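**Q** Just need the structure, nothing else, for what follows:
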Amino acid sequence: MFEILRSTTSAMRLRIVRSVHGLVLRKMAGSTKTESSGSKCLGSVSAASFLKLSSGLHIYSEFLETANVGEKIKATLAAPDFGGASVTIPFKLDVIPLLDKLSPAAEAIGAMNTIIPATEGENRMLHGGNTDWLGIRESIRSRAPSIGASAAALVVGAGGTARAAIFALQSLGAQRIYLFSRSLIETLDVWPAEGPAPTVIVSTVPASATTTDSTNPGAVLLPLALFDATVNGAVVDMAYKPAETHLLTLAKSAAPNWARVVGVEVLLEQGYAQFETWMGRRCPKHVVSKSVVEKYFAAA
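**A** Residues are numbered from 1 along each chain as shown. Predicted structure coming up:
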């Protein structure tokens with residue numbers, strides 16, 4: 001159990017919850033293009049909702065943008081008024097060496113997205129947790145509760161979020177998990193012929209990294225064979241920009257009976273868990289959801 005450092009007027013006047021938001025460097029047409037990972041927009045909405053809910057608790061949030069895990073992040077974590085952080089790609093693995101402990105889930109996954117300040121005796125500690133897997137698991141449970149244990153599931157991607165997806169699927173009882181990524185595309189024909197087709201698919205890559213256009217060589221081609229329309233399944237796309245991704249569009253046409261989970265739903269679920277970890281209280285989900293969803297689709 002973590003001893004969470006809670007915000008009270010007697011123990012701490014100010015508690016900062018920062019969102020460590022990185023920059024993704026991608027090579028485009030021979031040059032290097034720097035682009036946002038896409039989470040700042042949603043993060044700002046979540047932060048606004050957080051502030052509304054935290055009225056009277058002397059809490060405020062801010063964003064920290066940086067291209068690497070350097071002195072800027074180290075100074076932030078060491079600040080006496082630091083109260084926690086939501087860590088986005090590409091730092092879910094890189095920040096780990098700066099932490100004192102990982103939760104069992106974060107350790108098993110090998111990636112984290114939540115930093116929690118804690119005290120052990122006289123020592124101030126930084127604990128790393130992972131709520132990504134909870135967001136994935138709860139999204140599947142809420143949209144497709146009848147699926148239960150799946151004979152097979154498929155994860156698109158191979159990074160830190162893919163690890164969280166695998167952990168979530170294992171917790172749901174998936175007996176076999178396939179990986180589908182650009183690095184495996186030449187050696188894996190979707191899944192082995194002798195294996196069952198997946199009834200749960202989770203994509204953990206940016207929307208721009210996938211395509212249904214066979215003439216697009218710069219993205220992973222999503223084949224119709226991903227979906228078995230003869231069974232009820234669930235497809236989750238962690239990307240939330242845009243809301244309607246190539247994968248979700250393909251699912252709608254290839255397997256209309258499958259439940260489709262958009263990225264903002266997963267973001268909300270993992271955010272609820274983060275809120276409760278930092279605050280030590282239940283998150284008023286309906287209030288946060290209403291605020292985030294309204295602003296999300298208004299900006300779409």
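**Q** low-scoring pLDDT stretches of this structure, where are they?
**A** Residue ranges of the chain with pLDDT under 70: 1-62, 148-150, 182-194, 300.
**Q** In terms of residue numbering, what are the domains of it?
**A** Residue ranges for the domains of the chain, per automatic domain parsing: 15-130+270-299, 133-261.
**Q** Could you export those domains as CSV, including mean neighbour count?
**A** C-beta here means a position set from N, CA and C on the backbone, and glycine is covered the same way. Formatted as CSV, these follow (neighbours: other C-beta atoms under 10 Å):
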stretch, mean neighbour count
domain 15-130+270-299, 17
domain 133-261, 19
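**Q** tell me which strands and helices the host helix or strand of residue 290 is in contact with?
**A** Using DSSP states H and E, residue 290 sits within helix 285-299. With contacts taken as 3 or more C-beta pairs under 8 Å, 6 or more residues apart in numbering; DSSP states H and E, helix 285-299 sits against helix 39-53, helix 263-279.
**Q** What residues does residue 256 make contact with?
**A** The contact partners of residue 256, by C-beta atoms under 8 Å, 6 or more residues apart in numbering, come to residue 229.
**Q** Compute the distance between it and residue 244, please.
**A** According to C-beta to C-beta, to the nearest Å, residue 256 stands 15 Å off from residue 244.
**Q** can you check residue 128 too?
**A** 33 Å.
**Q** and what of residue 82?
**A** 37 Å.
**Q** Which of the three states applies to residue 135?
**A** helix (DSSP: H, G, I helix; E, B strand; the rest coil).
**Q** Need the CA coordinates for stretch 228-248. PDB is fine.
**A** Extracted in PDB, the C-alpha atoms of stretch 228-248 (Å, rounded to 0.1, in the frame of the first residue of the first chain):
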ATOM      1  CA  ASP A 228     -14.300 -12.100 -37.000                       C
ATOM      2  CA  ALA A 229     -17.900 -10.900 -37.700                       C
ATOM      3  CA  THR A 230     -19.400 -14.200 -36.700                       C
ATOM      4  CA  VAL A 231     -18.700 -13.500 -33.000                       C
ATOM      5  CA  ASN A 232     -19.300 -10.600 -30.700                       C
ATOM      6  CA  GLY A 233     -16.100  -8.800 -29.800                       C
ATOM      7  CA  ALA A 234     -14.700  -5.500 -28.700                       C
ATOM      8  CA  VAL A 235     -12.200  -3.100 -30.300                       C
ATOM      9  CA  VAL A 236     -10.400  -0.400 -28.400                       C
ATOM     10  CA  ASP A 237      -8.400   2.400 -30.000                       C
ATOM     11  CA  MET A 238      -6.200   4.300 -27.500                       C
ATOM     12  CA  ALA A 239      -5.800   7.100 -30.000                       C
ATOM     13  CA  TYR A 240      -8.200   9.900 -29.400                       C
ATOM     14  CA  LYS A 241      -7.200  12.300 -32.200                       C
ATOM     15  CA  PRO A 242      -9.300  11.900 -34.300                       C
ATOM     16  CA  ALA A 243     -12.200  10.200 -32.400                       C
ATOM     17  CA  GLU A 244     -13.000   8.100 -35.500                       C
ATOM     18  CA  THR A 245      -9.800   6.300 -36.300                       C
ATOM     19  CA  HIS A 246      -9.000   3.900 -39.200                       C
ATOM     20  CA  LEU A 247      -9.300   0.900 -36.900                       C
ATOM     21  CA  LEU A 248     -12.700   2.000 -35.600                       C
END
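**Q** Now the most centrally placed residue in the chain: closest residue in space, sequence neighbours ignored.
**A** Residue closest to the mean C-alpha point of the chain, counted by C-alpha atoms, centre = their mean, is residue 132 at 4.3 Å. Of all residues not flanking residue 132 in the chain, residue 164 sits nearest, at 3.8 Å (C-beta to C-beta, 6 or more residues apart in numbering).
**Q** Tell me how far the helix or strand hosting that neighbour lies from the chain's centre.
**A** Assigned by DSSP H and E, residue 164 belongs to helix 160-171. Its chain's C-alpha centre and that of helix 160-171 lie 10 Å apart, by C-alpha atoms, centre = their mean, to the nearest Å.
**Q** Over to stretch 130-137?
**A** For stretch 130-137 - counting by C-alpha atoms, centre = their mean - the centre lies 7 Å from the chain centre.
**Q** swap in stretch 265-274?
**A** The answer for stretch 265-274 is 8 Å, by C-alpha atoms, centre = their mean.
**Q** what sits up against that stretch?
**A** 42, 46, 84, 86, 113-114, 131-132, 134-136, 138-139, 142-143, 236, 238, 240, 283, 285, 288-289, 292-293.
**Q** one more time with 6 Å
**A** 42, 46, 86, 114, 131-132, 134-136, 138-139, 238, 240, 283, 285, 289 (C-beta atoms under 6 Å, 6 or more residues apart in numbering).
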